[in-house]
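Colleague: what's the 3D shape of this:
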Amino acid sequence: MIHTKLKGMGVALITPFTQDGNVDFDALTRIVDFQLKNNADFLCILGTTAETPTLTADEKRRIKETVVERVNGKVPILMGVGGNNTRAVAHELETEDLRGVDAILSVVPYYNKPSQEGLYQHYKTLAQTTELPLVLYNVPGRTGVNMTAETTLRIAHDFPNVVAIKEASGNISQMDDIIKRKPKDFDVISGDDGITFPLITLGAVGVISVIGNAFPREFGRMVHLALQGDYANALGIHHKFSELFKLLFVDGNPAGVKAIMSAMGLVENVLRLPLVPTRLTTYEAIRKILNEL
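Modeller: As a prediction, the model looks like this:
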């Protein structure tokens, strides 16, 4: 089963753009190679960090094909397929070519603010539409609604192909509650780099990381040490990154990580509107920390 593989340091891949604003497929290939070389455990494509709302259907298809071909089965691929129109998401799951994708990440419907029963029915529909493993994604800061532990556990118990949740509510007691009461083969994955360490100590199995785009080896080492129970060494790495975590998100995501990757020479520092690059002050602060690292 796939859920045993979605553990450790997963990376929420950015979408690189050329200076004229097109998807930079050469850079995308380079980034995938960089991740494989530096031991990323799995890749998450077409999530929030990929600026997916600004991509066309054709661009999304080409990104998926490019990554699947380049990864060539070396690590699992988790792909974002979500939205706030249940019927449209189900249609996408039924009609898109999902060959080469190992599991689906589907965000809590945003903007409409469904009730907990609405969230349950939404995921019930998706779970019954696809045979692929499904990972729930709770990120109330973006969606405007929090999926409670009760709803998450209800879905997890009722649908065997719902194998995990990416939790980015920031509510540690809610996540702890899910970890305590979940089915044996349902996993909790951190959706927030900054709390990955404490969450693993509570029983989470890994992270879908933003900072991993730039530092897959170093951040992956922290994750693996924590998973092995070597908390002292993991905590040291966590603290080394903590200043960077703040800078990463001060001007929005993925502006911070694109600034870092641009400073490393991996991508152009280009985002699609309505997102814009980090402010110069943030960029300088990032460069300073990079030099120290």
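Colleague: got the phi and psi for Ile45?
Modeller: In terms of degrees, to the nearest 10, the main-chain angles of Ile45 are phi -110, psi 150.
Colleague: ok, now which ones touch it?
Modeller: Leu13, Ile63, Lys64, Val67, Ile77, Leu78, Met79, Gly80 (CB atoms under 8 Å, 6 or more residues apart in numbering). Heads up, the C-betas are built off the backbone N, CA and C, glycines and all.
Colleague: between the residues you listed, which is closest to Ala204?
Modeller: Leu78 (15.6 Å; CB to CB).
Colleague: can you get me a residue count around that closest one?
Modeller: For Leu78, the count of nearby residues is 29 (other CB atoms under 10 Å).
Colleague: same question, Pro277
Modeller: Around Pro277 there are 18 other residues, counting by other CB under 10 Å.
Colleague: three-state assignment of it?
Modeller: State at Pro277, reduced to three classes by DSSP: H, G, I helix; E, B strand; the rest coil: coil.
Colleague: residues in contact with it?
Modeller: Contacts of Pro277 (CB under 8 Å, 6+ apart): Asp251, Ala255, Lys258, Ala259, Asn269, Val270, Leu271, Tyr283.
Colleague: rerun at 7 Å
Modeller: Pro277 sits next to Ala255, Lys258, Ala259, Asn269, Leu271 when contact means CB atoms under 7 Å, 6 or more residues apart in numbering.
Colleague: circling back to that earlier point, looking at the contacts of Ile45, which is nearest Ala103?
Modeller: Nearest to Ala103 out of the contacts of Ile45 is Leu78 (CB to CB; 4.9 Å).
Colleague: helix or strand: which one has that closest one?
Modeller: Assessed by DSSP states H and E, Leu78 sits inside strand 77-80.
Colleague: who touches the helix or strand following that strand?
Modeller: The helix or strand immediately downstream of strand 77-80 is helix 86-95, counting by DSSP H and E. Contact with helix 86-95 is made by Val81, Gly82, Gly83, Ile104, Ser106, His122, Thr125, Leu126, Thr129, Thr130, as judged by CB under 7 Å, 6+ apart.
Colleague: cool, thanks, talk later.
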